[in-house]
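Q: here's my sequence, what's the structure:
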Amino acid sequence: MLNAHRSHAQPSWMARVIVHVIDRGMGCIVAGAYLRTVLGVSLHRHLAALRLAQAALLAITMLAAGITGAQAQSRAAQPANTDGRDPIQTFIERNMPANNAAGGGRIEVSVGSLDPRLQLAPCQRIEPYLLPGTRLWGRTSIGVRCLEGATWTVSLPVTVTVRGPAVVAAEPIAAGSPATAVAVRIEEVELTRDPGTPVTDPGQLMGKTFTRSVAVGQVLRLETLRATPTVVAGDPVRIDMVGKGFVIQSEGQALSAGAEGQPLRVRTESGRIVSGTLKGRAVEIRI
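A: Below you'll find the model as predicted:
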């Protein structure tokens, strides 16, 4: 039995250890101060305070473990960076030439967040890759796979913004207008604002016709252009039968409209229907 005069004695070695552990725990300065105050008031509260300290220590340990796990999962979702550069940025820049006509524009990459419901194991090395059919242009996604430490694979949302020079309309353009007959200018714009491939060189307009109207200041897109027909249905054309070391020429009639380099069906003078490649006003057929 302990005497009453010991009610204000120093805490036991076990209490001091718990106080020390709690004081060193994450966010437990208040708990440690509380424990020291309680232990200094009266001895009959000593055991109750110890139980409270143990419960607090257990809760703190569990909380710390939960936070550590969440942080590890968050870090696991980020590719390893070994050269000091953002690996996602590096990956996208390396794959842009093969997927987009960015021209030398400035590329900015914004990486989105993974689904918070995902439970990913920590990973030591992660590799980004292109998803099938993905174009690194505007809002898109890339794949991220774990190569060391786990076996998960996820889709990561990213936004690729490209700014650079492009050809824009200097006047309203009506559908069906020859591209070489309209006024255009080159401006610094956000190339990824709209879908499609921007026209970055006025030379890309040669021999093209607009398939839809374009407003003033709008970036011209290759998808809104088609080759201007050089012949229309019913036009007379020359037929060149090209063999090894010889050419046989005859006359025919185009059965549809066609542009330079496109396939064209023609009717010969004898009534036969043949198909070849339109070159100027002639249809070349290889034999």
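
Q: for residue 93, give its distance to residue 252.
A: 51 Å (Cβ to Cβ, to the nearest Å). (Each C-beta comes from the backbone N, C-alpha and C, glycine too.)

Q: ok, these two, which is more surrounded?
A: Using other Cβ atoms under 10 Å as the criterion, residue 93 and residue 252 rank with residue 252 on top: 23 against 16.

Q: ok, now how distant is residue 241 from residue 254?
A: Look at residue 241 and residue 254: by Cβ to Cβ, they are 17 Å apart.

Q: same drill for the two, tell me which one is more crowded.
A: Counted by other Cβ under 10 Å, residue 241 and residue 254 do not tie: residue 254 has more neighbours, with 22 against 16.

Q: quick one: the strands in the chain, in order.
A: Secondary structure of the chain (DSSP state E): strands at 106-111, 125-129, 138-148, 153-169, 184-190, 208-210, 225-227, 229-231, 236-243, 246-254, 258-259, 263-268, 273-279, 282-286.

Q: what is the first one packed up against?
A: By that I understand strand 106-111. Judged by 3 or more Cβ pairs under 8 Å, 6 or more residues apart in numbering; DSSP states H and E, the packing partners of strand 106-111 are helix 87-99, strand 153-169.

Q: in it, what's buried?
A: Neighbour-count burial for strand 106-111 flags 107, 109, 111 (criterion: 16 or more other Cβ atoms under 10 Å).

Q: okay, it in CSV with CA atoms only?
A: The C-alpha trace of strand 106-111 is given here as CSV (Å, rounded to 0.1, in the frame of the first residue of the first chain):
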residue,chain,number,x,y,z
ARG,A,106,5.7,25.2,-76.1
ILE,A,107,4.2,22.2,-74.2
GLU,A,108,2.6,22.5,-70.8
VAL,A,109,1.5,19.4,-68.9
SER,A,110,-1.0,19.3,-66.0
VAL,A,111,-1.3,16.0,-64.2
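
Q: paired strands for that strand, with orientation please.
A: The strands beside strand 106-111 in its sheet (DSSP bridges) come out as strand 153-169 (antiparallel).

Q: tell me the mean pLDDT over the partner strand?
A: The average pLDDT for strand 153-169 rounds to 91.

Q: got any ranges where the stretch 101-250 of the chain has weak pLDDT?
A: 101-104 (pLDDT under 70).

Q: which one is residue 128 nearest to, not counting chain neighbours?
A: Distance criterion Cβ to Cβ, 6 or more residues apart in numbering; nearest residue to residue 128, sequence neighbours excluded, is residue 91 at 4.5 Å.

Q: I meant to write residue 108 there.
A: Using Cβ to Cβ, 6+ apart, the nearest residue to residue 108 is residue 161, at 4.3 Å.

Q: now the buried residues of strand 106-111 in TSV, please, with extra columns for distance to residue 277.
A: Compiled in TSV, the buried residues of strand 106-111 are given as follows (distance: Cβ to Cβ, whole Å):
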residue	distance to residue 277
107	38
109	42
111	47
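
Q: what is the nearest of these to residue 167?
A: residue 107 (19.7 Å; Cβ to Cβ).

Q: next up, the contacts around that closest one.
A: 89, 92-93, 96, 160-162 (Cβ atoms under 8 Å, 6 or more residues apart in numbering).
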